[in-house]
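> Curious how this folds, go ahead:
(one chain, ligands or ions: 1)
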Amino acid sequence: TIFPKEFQEKYLVSRGIGTGVCGEVKLAFERATCKKVAVKIINKKNFPSVGVSHPRRNAEREIEILRRIDHPCLIKTEDFYQTEDTYYIVLELMEGGELFNRVKAGHGLDEAVAKLYFYQMLMAVEYLHRNGIIHRDLKPENILLASQAKTCLIKVTDFNQSKILEGETLSRTLCGTPSYLAPEVFTHAATTGYGPAVDAWSLGVLLFVCLGGYAPFYEHPSRPSVQEQIIQGEFTMVPSKWKGISDQAKDMVRKLLVVDPSLRLSITSALKHPWLQVKHSPLNHEHCYLISDLCAFQDPAMLAQANKLMYPPEDSDTVTH
Ligand SMILES: C/C(=N\NC(=N)NO)c1ccc(NC(=O)c2cc3cccc([N+](=O)[O-])c3[nH]2)cc1
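Presented below is the predicted three-dimensional model:
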């Protein structure tokens, strides 16, 4: 890849660290400070130019979103360059890589870890919705982890399929991965359109995968198509995979994976669900900034506080020094 001159002057590009559907991510060093950054290289023609939507406009919308957002659980753009066919987005380094690689097939995350990550995803998506943005492509590949530690900050990324709450076309959406798309995207999106509830569905699928270690809707010869399973809202919590997971966690998943968007748990209601109410310190905005500080400074005291968030001291626990 050739990089723009002014980019080359400011950054030294090193090896590839991740590849996405519309471009790759490389490690780079800011020459002046030796600070490590990630560079997402997006080929403009890679943008799905399905139907009338023009690839340039899709890309410009995503760049506009990336510039506009500011939240500890959303990827932050540090710098930006473009040539006539490529975008170079300089981003903060997320050394934990993609959540996708943490929820390896076969076993889920510890419930407390899944709760910490899910809580951050909810905060990030609540922020997006408050700012009139629907993500529309929430999946494990688009959730990045700040460090290798379990108690870490996560950030949502990839706004290629995102919609700024104004006119939008359905055709672009149907080029996303179907497994995480909500039922209404297939059924009545073409007529009445659909809203932020699609992200709540995808978060339900994400939580299912984090807890169960397998997808709720998947291709299988003897099963209906993924699209059919989604439209029917048909999924199974295989006992061997879900034993040891709390009833509250399962209840959260079931209330998100509801076919009728008007009956589905909203992001705001999900944040008030009992599963996320830690009796000693209810999960709230401060925790999110705490986690962001924690990961920025790896402060042991903050790590202890974040652990309390994950593993609240039971009443019976006596604090032993
Ligand atoms: C904005 C965006 N995508 N937009 C888009 N149109 N893609 O489809 C975007 C997508 C992915 C990423 N990924 C990373 O920053 C990213 C992936 C990864 C894997 C191992 C290690 C690191 N790391 O930073 O150390 C990684 N960073 C960053 C930005």
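> Up against the ligand, what does the stretch 51-200 of the chain have?
Selection of the stretch 51-200 of the chain residues close to the ligand by CB under 6 Å from any ligand atom yields 62, 75, 89, 91, 93-95, 97-98, 144, 157-158, 160. No exception for glycine: its C-beta is placed from N, CA and C like everyone else's.
> residues in contact with residue 253?
The neighbours of residue 253, taking CB atoms under 8 Å, 6 or more residues apart in numbering as the test, are 204, 207, 208, 211, 237.
> ok, those residues vs the ligand, which is closest?
Ranked by distance to the ligand (CB to the nearest ligand atom), these are led by residue 207 at 20.9 Å.
> count of neighbours near that closest one?
The burial metric for residue 207, expressed as a neighbour count using other CB atoms under 10 Å, is 26.
> still on that earlier bit, now restrict the residues of the stretch 51-200 of the chain next to the ligand to buried residues only.
Of all these considered here, the ones buried according to neighbour count by 16 or more other CB atoms under 10 Å are 62, 75, 89, 91, 93, 94, 95, 98, 144, 157, 158, 160.
> So which of those belong to helices?
When helices are assigned by DSSP state H, the members of these inside them are residue 62.
> picking that back up, what about burial for the contacts of residue 253, which qualify?
Using 16+ other CB under 10 Å as the burial test, the contacts of residue 253 include 204, 207, 208, 211 as buried.
> Secondary structure of residue 17: a helix, I assume?
No: residue state for residue 17 (DSSP: H, G, I helix; E, B strand; the rest coil) corresponds to strand; a helix is not indicated.
> Pull the contacting residues for it.
Under the criterion of CB under 8 Å, 6+ apart, the contact partners of residue 17 comprise 25, 26, 27, 38, 97.
> Tabulate those (a markdown table), appending pLDDT and secondary structure.
Below are those laid out as a markdown table (pLDDT from 0 to 100; DSSP: H, G, I helix; E, B strand; the rest coil):
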| residue | pLDDT | secondary structure |
| --- | --- | --- |
| 25 | 93 | strand |
| 26 | 95 | strand |
| 27 | 95 | strand |
| 38 | 96 | strand |
| 97 | 93 | strand |
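> Most neighbours among these, which one is it?
Highest count within the contacts of residue 17 by other CB under 10 Å belongs to residue 25, 23 neighbours.
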